[in-house]
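Q: just a sequence and a predicted model for now, questions to come.
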Amino acid sequence: MQLDLMEVQETMLIRRNFDDFTALSNAFRNFDRLFSHFAEGDATATPWVPPVDIVETGNDLTVKADLPAVKPEDIEVKFEDGTLIIRGKREFEKKEDVSGYHRIERSYGSFVRAFTLPDSVDPEKVNADYHDGVLTVTVGKKEIAKPRSVKVNVAA
């Protein structure tokens, strides 16, 4: 008979742990729900930092920035004191009826990205192209003086 009592106690213990886990799980779920509503707020409150790739080859340095839904006239590229500056803005899609939104996660507003480039780049060789939401800035490198042989003249 003691064996039966132990089985009942084990079952109760397992059930109690399960209930505690369920209560804890519910608490976390409620916390997540509360926090997500608090964090959603205004879509423009979250700063937008477009991702970039920077690749250096033998002849140039290329910076690619993902700028989806940014109008070309809202993009500015500057090269100043060895720093490449990409500036722009993406406008929020204003709709008459916003009551149907459940979540707004895309960031909007102004952004600035600045990159200090190596001294090997030539500030006169900067080109920028924008196609399919991707800005590509190519900065050529300076011509490096190539070594040359110098003939030594001997006086007769």
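A: Nice, thanks for sending it over. Everything numeric in this text was worked out from a predicted model, so none of it was measured.

Q: distance of Val70 relative to Asn153?
A: Val70 sits at a distance of 62 Å from Asn153 (criterion: CB to CB, to the nearest Å). Heads up, the C-betas are built off the backbone N, CA and C, glycines and all.

Q: try Thr62
A: Taken as CB to CB, the span from Thr62 to Asn153 is 46 Å.

Q: neighbour-wise, which of those two wins?
A: Neighbour comparison, Thr62 and Asn153: the larger count goes to Thr62, with 14 against 6 (by other CB atoms under 10 Å).

Q: beta partners for the more buried one?
A: With DSSP bridges as the criterion, Thr62 is bridged to Val55, Thr138.

Q: got the domain ranges for the chain?
A: Using automatic domain parsing, the domain parsing of the chain gives 1-40, 43-94+104-141.

Q: confidence-wise, which of these is weakest overall?
A: In terms of average pLDDT, domain 1-40 trails the rest of the domains of the chain, at a mean of 52.

Q: neighbours of Glu80, how many?
A: Neighbours of Glu80 using other CB under 10 Å come to 9.

Q: tell me what it is bridged to.
A: For Glu80, the beta-bridge partners under DSSP bridges are Thr83.

Q: that one and Ser107, how far apart?
A: Per CB to CB, Glu80 is found 26 Å from Ser107.

Q: how about Leu67?
A: 12 Å.

Q: between the two, which contacts overlap?
A: Arg90 (CB atoms under 8 Å, 6 or more residues apart in numbering).

Q: tell me which of these two has more neighbours.
A: Higher neighbour count among Leu67 and Ser107: Leu67, with 23 against 16, using other CB under 10 Å.

Q: residue contacts, the more buried one?
A: Pro50, Ile75, Gly88, Arg90, Tyr130, Gly133, Val134, Leu135.

Q: name the nearest residue to the fifth one, sequence neighbours excluded.
A: This points to Tyr130. Take Tyr130 and drop its neighbours on the chain: the residue closest to it by CB to CB, 6 or more residues apart in numbering is Pro72, 5.2 Å away.
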